[in-house]
Each structure stands twice: as C-alpha cells, then as structure tokens.
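I'll drop the sequence and a predicted model, then ask my questions.
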Amino acid sequence: MESKKIELLETYLSLYIDHFTVLKAIQDPSSSEIVVLDVRNAPKQVKGDQIQGALAIPAKELQNHLADLDKSKTYVVYDWTEGTTLGKTALLILLSHEFKAFELAGALEGWKGMQLPVEPAK
Amino acid sequence: MESKKIELLETYLSLYIDHFTVLKAIQDPSSSEIVVLDVRNAPKQVKGDQIQGALAIPAKELQNHLADLDKSKTYVVYDWTEGTTLGKTALLILLSHEFKAFELAGALEGWKGMQLPVEPAK
Amino acid sequence: MESKKIELLETYLSLYIDHFTVLKAIQDPSSSEIVVLDVRNAPKQVKGDQIQGALAIPAKELQNHLADLDKSKTYVVYDWTEGTTLGKTALLILLSHEFKAFELAGALEGWKGMQLPVEPAK
C-alpha cells in the first residue's frame, strides 16, 4: 500500500508548480516561458483582483481558446483556492492538447496570503 | 509522466458532477434520477442551511442507511467545501456498494456562492 | 471506470487519519505512538495557534530534520486546511523515507471547528 500512496502523491504533486517559481517568472516577463492563466468562471467584478500579468480565460471557455495559446510556453492555471476541480479541469484540457501546464500551488488564496503582486481583474 | 498526470486528472474529475446538472434535476424533481445527499457530520443548528431538497445522511452514518437507498437513482454527495475527505469517504461507500454516485463540484460553498437554491438544514 | 474510481478513492483516503484517533493519542501522550507535525511554512506570529502538543517543522525544512525523527512513531502532518499540497509534500517526504505517516483529515481548520485542543504556536 505504501508504494501506491507514494505513486499517487508523486503524480498528484507533479501537477503543481510553486509560487516562488511563478513569482520569479512574473518579475522578469521579458525572458519568461511562463504564462499565468486565471481560469475562474466569474465576471471581473466578482473576481476583484488577479495575479499580476495573468491572462483571464475562464475554464468553461478554455477549449475554444486553445488556438490562441503557444506550445513553447508553460501555462500556470489557478482558481480561487487549491483543491478545487476547476483548476484541474483546465489543466486536463491543456495537458490533453499537449501544452506544458501546471496548477499554481496555493491558488489565488495562497498568493494573496503571502502578499504577492496582484492587479485589478481583467 | 504526462500520461500518468492525465490519467489521474481524468479519474479524479470523473468523481465529480457539476452544479448545472444537479440544479436542472432539482428543478424538475418529478422526472429526476438525482438525489442530493448532505453528508456533513454536524447537527442541523451547525449546518444552518442545505441544498434545496437534499437528504441529510451524515457520512459517519451512511454505511447504516444503505438499505434505504435506491439503486435506480444517482446520488450526489456534498460537504461544506470541495477537496475534503468527507465527501470522498461517502462516495467510496456508495461506489463500493454499486450505487451510482458523484461528489458535487464546488460543494456547498460553491453552490451558495452562485446563489443557487438552499433551504433550512434538516 | 468504477473500479478505477474506487481504487483512487481508496488510495487517496488511506493517506489520511481522522481527528478522533489523533485526539485520543494526544490525550494519553505517555503511551502514544503518534507525533503531530505542524508543517505550515509560516512564522509563529502568523500561525497563531497550533494543535496541542504538535511539533513545528515547516514542510520546506522537513527534509533537513529527518534525522531527528523516530521510525517507531507514526507522524501526523497538518496544514491550515485540507486539500492543499503542503501536507501532501510533507507526507511524500516522510513516506519516501520509510516513516509511518498520515495527513490529518480536516486539517487545522477542521480541528478548530470541532473545538479540539490547541495551544499557542511554537
């Protein structure tokens, strides 16, 4: 059983990218391979703010926006909080279409909790 | 590794049903195959409200109530929030006994956040 | 598909230990095999309080503290809330090094919600 647990944890955790890596990428956008996607299904008034420099593509519309994305980039999706299905739904769409993609560990809640840079939602 | 990630995401997401499907079923209960189960382990005073029309069977008592359930129905379980173990515990009991069952994506928090119909907890 | 769902749920849920088992262990520390680890990556001022008797080892420092741990014990890790990656990161480190370890179901949020014993963070 321990090996099954370890395998599940390894695969599960490999879906995520940490905020330090993302923050470093955001702070040097000229050289960055990382594009942050805000996949919350909500109007911008409800969203309020978003991670600085994020592209807003709601998860429910992502399938129709794949042609606008760039396979040389790494996409980082986030939802309000971690452990929800919305980020995983977006991630599955991206990975299934052979994009490099991760979910942001801690989600928006964790990002804001650490007072990392945000901007008004778009 | 990508195929393992995709397989995990596919299986994980297949545990869930979206609120639109559940809402439609609730609004036409005469023809519905869906029964919503509130599996929170809490007295009704603590629960406060619940999804409209839900049946309250706490997860810790579910095993003893299986004989009351109907294998022709599809059961949708929910907890306070998504990503907890309680909904998954209930789901495992139901699936292991060959009931059709899903966890509600977004849980009660998401349902109320979208201002979908609730009623006093029972 | 149902068997894959059941297998995922069984493995996922086997990562967790319930608060009743942990509470019982805390209340009789002389005979207990259980050690609770607070793995939150935060200074004690931010943490505020912690589960009574917990050892504070932030997840990011856990790898460097493995030599201080005891393979005859069972370690129970917790984060602020359930369903986050931090507890799973700590759990993977412990299980990979052949420690007996679980994540606390409900995390600190659930523990405090049930008014179980806490103390000032260390």
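Thanks, I have it.

Just to be sure, A:Y12 is in a helix?
Yes. The assignment for A:Y12, made by DSSP: H, G, I helix; E, B strand; the rest coil, places it in a helix.

Name the SS class of the residue nearest to the spatial centre of chain A, please.
Nearest to the mean C-alpha position of chain A, counting by C-alpha atoms, centre = their mean, stands A:V77 at 1.5 Å. Under three-state DSSP, the three-state class of A:V77 is strand.

May I have the beta-bridge partners of it?
A:L37, A:E103 (DSSP bridges).

show me what contacts the closest residue to chain C within chain A?
Here chain A gets closest to chain C at one residue, A:G83, 2.8 Å apart by C-beta to the nearest C-beta. The C-beta positions use only the backbone N, C-alpha and C, and glycine is treated the same way. The neighbourhood of A:G83, defined by C-beta atoms under 8 Å, 6 or more residues apart in numbering or on different chains, consists of B:E82, B:G83, C:T81, C:E82, C:G83, C:T84.

Make TSV out of the residues you listed and add secondary structure, pLDDT and distance to A:N64.
Converted to TSV, these look like this (DSSP: H, G, I helix; E, B strand; the rest coil; pLDDT from 0 to 100; distance: C-beta to C-beta, whole Å):
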residue	secondary structure	pLDDT	distance to A:N64
B:E82	coil	83	25
B:G83	coil	75	27
C:T81	coil	86	33
C:E82	coil	83	33
C:G83	coil	75	29
C:T84	coil	82	31
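
So A:E109 is in contact with A:W80, correct?
Yes. If you go by C-beta atoms under 8 Å, A:E109 and A:W80 touch, sitting 6.3 Å apart.

State the distance from the residue in chain A that chain B sits nearest to to B:G83.
For chain A, the residue closest to chain B is A:G83, as judged by C-beta to the nearest C-beta, at 2.7 Å. A:G83 is 3 Å from B:G83, where distance means C-beta to C-beta, to the nearest Å.

likewise A:M114?
In this structure, A:M114 and B:G83 are 20 Å apart, going by C-beta to C-beta.

Likewise for A:I26?
Taking C-beta to C-beta, one finds A:I26 at 26 Å from B:G83.

Dump the contacts of A:G83 into JSON lines; add distance to B:I17 as well.
Below are the contacts of A:G83 laid out as JSON lines (distance: C-beta to C-beta, whole Å):
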{"residue": "B:E82", "distance to B:I17": "12"}
{"residue": "B:G83", "distance to B:I17": "15"}
{"residue": "C:T81", "distance to B:I17": "23"}
{"residue": "C:E82", "distance to B:I17": "21"}
{"residue": "C:G83", "distance to B:I17": "18"}
{"residue": "C:T84", "distance to B:I17": "23"}
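
and the residue of chain A closest to chain B, what are its phi and psi?
According to degrees, to the nearest 10, the main-chain angles of A:G83 amount to phi 80, psi 10.

Quick one: name the residues of chain A near chain C.
A:1-2, A:4-6, A:8-10, A:12-13, A:16, A:82-83, A:105-106, A:110 (C-beta under 8 Å from any C-beta of the partner chain).

Can you say which of the residues you listed are buried?
Buried residues within the residues of chain A next to chain C, counting neighbours by 16 or more other C-beta atoms under 10 Å in any protein chain shown: A:K5, A:L8, A:L9, A:Y12, A:Y16, A:E82, A:G83, A:A105, A:G106, A:G110.

My understanding was that the fourth one contacts C:L91; is that so?
No. Assessed by C-beta under 8 Å, A:Y12 is found out of contact with C:L91, at 10.4 Å.

got the contact list for A:S72?
A:S72 neighbours (C-beta under 8 Å, 6+ apart): A:E33.

what residue ranges in chain A are flagged as low confidence?
The model of chain A has pLDDT under 70 over residues A:29.

need the strands for it, in chain order.
Read by DSSP state E, chain A holds these strands, from start to end of the chain: A:16-17, A:34-38, A:49-51, A:55-56, A:74-78, A:100-104, A:118-120.

The last one pairs with which strands?
The reference is to strand A:118-120. Paired with strand A:118-120 in the same sheet, following DSSP bridges, are strand A:49-51 (antiparallel).

In the partner strand, which residues are buried?
Quick answer for strand A:49-51 (16+ other C-beta under 10 Å): A:Q50, A:I51.

what does chain A put close to chain B?
So chain A meets chain B at A:8, A:11-12, A:14-15, A:81-86, A:88-89, A:91-92, A:95-96 (C-beta under 8 Å from any C-beta).

Can you say which of those are buried?
Buried subset of those (neighbour count, 16+ other C-beta under 10 Å): A:8, A:12, A:15, A:81-86, A:88-89, A:91-92, A:95.

gap between stretch A:47-58 and the chain center?
Distance of stretch A:47-58 from its chain centroid, counting by C-alpha atoms, centre = their mean, to the nearest Å, is 10 Å.

buried residues in that stretch?
A:K47, A:Q50, A:I51, A:G53, A:A54, A:L55, A:A56, A:I57, A:P58.

try stretch A:65-82
So for stretch A:65-82, counting by 16+ other C-beta under 10 Å, buried means A:L69, A:T74, A:Y75, A:V76, A:V77, A:Y78, A:D79, A:W80, A:T81, A:E82.

Kind regards, and thank you for your time.
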